[in-house]
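*Asks:* structure, please.
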Amino acid sequence: MKISKLIAAALALAGIASSHARADEGQAIEQAVQAMCPKQVVLLGEATHGGGHTTALKVELVQRLVTQCGFNVVLFESSFYEFFPIAEQVRERQPIPPALVATAVGGVWKFSQEMQALFPFLAQQVSDGKLELGGLDFQAGGFQQPYSNGAMFAELSAPLADDRRAFCKALFRARIYDNDDLAGFSALPPCISDMALVARQDQAGKIRNLQAWLATDGRPQADLVRARDKMMAENASAWIDRAGTPAKVLIWAHNGHAARDTANLPDYGSEDNLGRALSRRYGDKVFALAISAYEGEFRWSQGVNKALPSAPPDSLEARYGRQQDLAFVTADTLRHAGASASAAFGYNYLRGDWSEAYDGMLILQQEHPSHDSRDQPTQPICVFAIP
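*Replies:* The predicted structure follows:
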């Protein structure tokens with residue numbers, strides 16, 4: 001369901017006239033699409049992974065950018081590995097089930113009610129040969145992701161001698177399901193090195209990502225953040241630079257990864273995040289979009305919602321999001337605003353020149369928590385621990 005329909009329904013239930021809101025939203029979405037349409041690489045950000053209104057907005061943006069602007073690759077800030085079963089289905093000329101797409105996208109978004117319309121759309125586009133999907137994150141261990149948590153390692157370790165294969169598989173399983181003592185897994189990187197010696201060429205990307213991920217074990221959180229973005233940038237560049245059909249790439253990620261500038265992101269220090277690395281490489285072919293909100297709530301974890309902080313009067317959210325249901329703030333407007341407060345990074349207000357970080361910003365007047373699509377939720381899912 002498109003965002004305008006979602007909001008119209010909500011407004012009707014509240015007994016509020018929705019024509020003005022629909023007009024605001026339609027105009028802002030159209031402005032954003034027109035700004036992004038000519039670009040080769042578009043990073044679609046979000047202030048947290050738990051905003052339902054933001055998710056519905058991004059679903060509509062993806063659908064429009066694919067169908068109207070010819071974007072033919074959609075990459076997610078989720079498992080690099082779990083999208084390989086989709087590619088295998090394509091090679092076998094099998095239709096892609098929406099559930100397979102949802103599994104690959106992963107638990108951060110998989111269960112969001114606002115996300116559900118995107119899965120059949122993407123599955124149909126892939127089945128029709130119009131779109132390819134991929135993931136960027138080198139971490140394994142995602143909730144209900146059977147390929148990256150088991151089947152993949154079985155494939156990669158198959159050429160090893162029986163004893164070595166059994167040892168490495170058992171160690172990997174322990175790393176996925178019992179990883180409290182990361183120091184106890186120092187023998188796992190040598191397993192990956194052994195597999196690299198016998199891996200096929202088409203398995204090199206999996207090996208490289210596993211090695212980069214395991215190299216962060218036992219290191220500070222900031223090291224994981226930097227290494228993760230470095231690998232996400234390498235994975236994205238492989239799609240952008242591929243031979244054959246020119247790629248127009250959409251990247252679904254957190255605002256922190258989408259930003260062209262890391263001045264307000266101290267974890268990165270002098271190192272690039274995803275958006276900055278891609279901007280350095282591809283220049284004005286890249287468009288970085290942030291999404292924020294003036295007020296409301298977002299989902300912090302399953303069953304736990306948090307209120308957005310009050311917007312300072314001089315913030316971008318107060319200036320442009322208070323009076324409209326949705327506003328598109330252009331690059332020129334961001335430059336004109338100069339140093340301003342914004343809650344783009346996790347709904348924590350920070351001050352900076354946001355024109356250095358983004359080419360545009362969509363600001364919602366009202367955020368709401370994403371709704372869980374499951375009838376009986378069974379397992380907590382953290383949506384904000386690592387952006």
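*Asks:* strands of the stretch 151-300 of the chain, residue ranges please.
*Replies:* Applying DSSP state E, counting those that start in this stretch to the stretch 151-300 of the chain gives strands spanning 249-252, 286-301.
*Asks:* and those, which is most packed in?
*Replies:* strand 249-252 (a mean of 25; mean count of other Cβ atoms under 10 Å). Yep, even glycine has a C-beta here, placed from its N, CA and C like the rest.
*Asks:* now the strands of the stretch 151-300 of the chain in JSON lines, with distance to G346?
*Replies:* Putting the strands of the stretch 151-300 of the chain into JSON lines (distance: least, Cβ to Cβ, whole Å) gives the following:
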{"stretch": "strand 249-252", "distance to G346": "17"}
{"stretch": "strand 286-301", "distance to G346": "9"}
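*Asks:* need those strands in CSV (columns: distance to P159 and mean pLDDT).
*Replies:* Below are the strands of the stretch 151-300 of the chain laid out as CSV (distance: least, Cβ to Cβ, whole Å; pLDDT from 0 to 100):
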stretch, distance to P159, mean pLDDT
strand 249-252, 33, 98
strand 286-301, 40, 96
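*Asks:* any idea how far the residue nearest to the spatial centre of the chain is from M195?
*Replies:* In the chain, the C-alpha nearest the mean C-alpha coordinate belongs to A253, at 2.8 Å (Cα atoms, centre = their mean). Remark: distance between A253 and M195 (Cβ to Cβ, to the nearest Å) = 29 Å.
*Asks:* for stretch 204-211, what is the distance to the chain centroid?
*Replies:* 20 Å (Cα atoms, centre = their mean, to the nearest Å).
*Asks:* what are the contacting residues of it?
*Replies:* Here stretch 204-211 makes contact (Cβ atoms under 8 Å, 6 or more residues apart in numbering) with 80-81, 84, 138, 140, 152, 156, 189, 192-193, 195-196, 199, 231, 234-235, 238.
*Asks:* same question, stretch 332-344
*Replies:* Counting by Cβ under 8 Å, 6+ apart, 45, 47, 255, 259, 290, 292-293, 308-309, 311-312, 314-317, 319-320, 349-355, 357-358, 360-361 sit against stretch 332-344.
*Asks:* what angle do the biggest helix by length in the chain and strand 286-301 make?
*Replies:* If you go by DSSP state H, the chain has its longest helix at helix 221-240. Helix 221-240 runs at 130 degrees relative to strand 286-301, counting by axes from the mean of the first three to the mean of the last three Cα atoms, to 10 degrees.
*Asks:* flag every buried residue along helix 221-240.
*Replies:* 224-237, 239-240 (16 or more other Cβ atoms under 10 Å).
*Asks:* returning to that earlier point: give me every residue that touches the residue nearest to the centre of the chain.
*Replies:* Taking Cβ under 8 Å, 6+ apart, we find A253 in contact with L43, L44, G45, E46, F76, E77, L136, M232, L274.
*Asks:* where does the stretch 251-387 of the chain have low pLDDT?
*Replies:* Low-confidence segments of the stretch 251-387 of the chain (pLDDT under 70): 375-387.
*Asks:* quick one, helices of it?
*Replies:* If DSSP state H, counting those that start in this stretch is used as the criterion, the helices of the stretch 251-387 of the chain fall at 255-258, 274-282, 316-321, 331-337.
*Asks:* now the stretch 1-150 of the chain
*Replies:* For the stretch 1-150 of the chain, the helices defined by DSSP H, counting those that start in this stretch occupy 3-13, 19-36, 52-69, 84-91, 98-105, 107-110, 118-127, 146.
*Asks:* make JSON lines out of these and add distance to S301 and mean pLDDT.
*Replies:* Below are the helices of the stretch 1-150 of the chain laid out as JSON lines (distance: least, Cβ to Cβ, whole Å; pLDDT from 0 to 100):
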{"stretch": "helix 3-13", "distance to S301": "23", "mean pLDDT": "45"}
{"stretch": "helix 19-36", "distance to S301": "28", "mean pLDDT": "83"}
{"stretch": "helix 52-69", "distance to S301": "14", "mean pLDDT": "98"}
{"stretch": "helix 84-91", "distance to S301": "28", "mean pLDDT": "97"}
{"stretch": "helix 98-105", "distance to S301": "18", "mean pLDDT": "98"}
{"stretch": "helix 107-110", "distance to S301": "11", "mean pLDDT": "92"}
{"stretch": "helix 118-127", "distance to S301": "22", "mean pLDDT": "98"}
{"stretch": "helix 146", "distance to S301": "23", "mean pLDDT": "95"}
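*Asks:* rewinding a little: quick one: buried ones out of the contacts of stretch 204-211?
*Replies:* 80-81, 84, 138, 140, 152, 156, 192, 195-196, 199, 231, 234-235.
*Asks:* of all those residues, which comes closest to A32?
*Replies:* Distance to A32 across the buried ones among the contacts of stretch 204-211 (Cβ to Cβ) is lowest for N235, with 25.4 Å.
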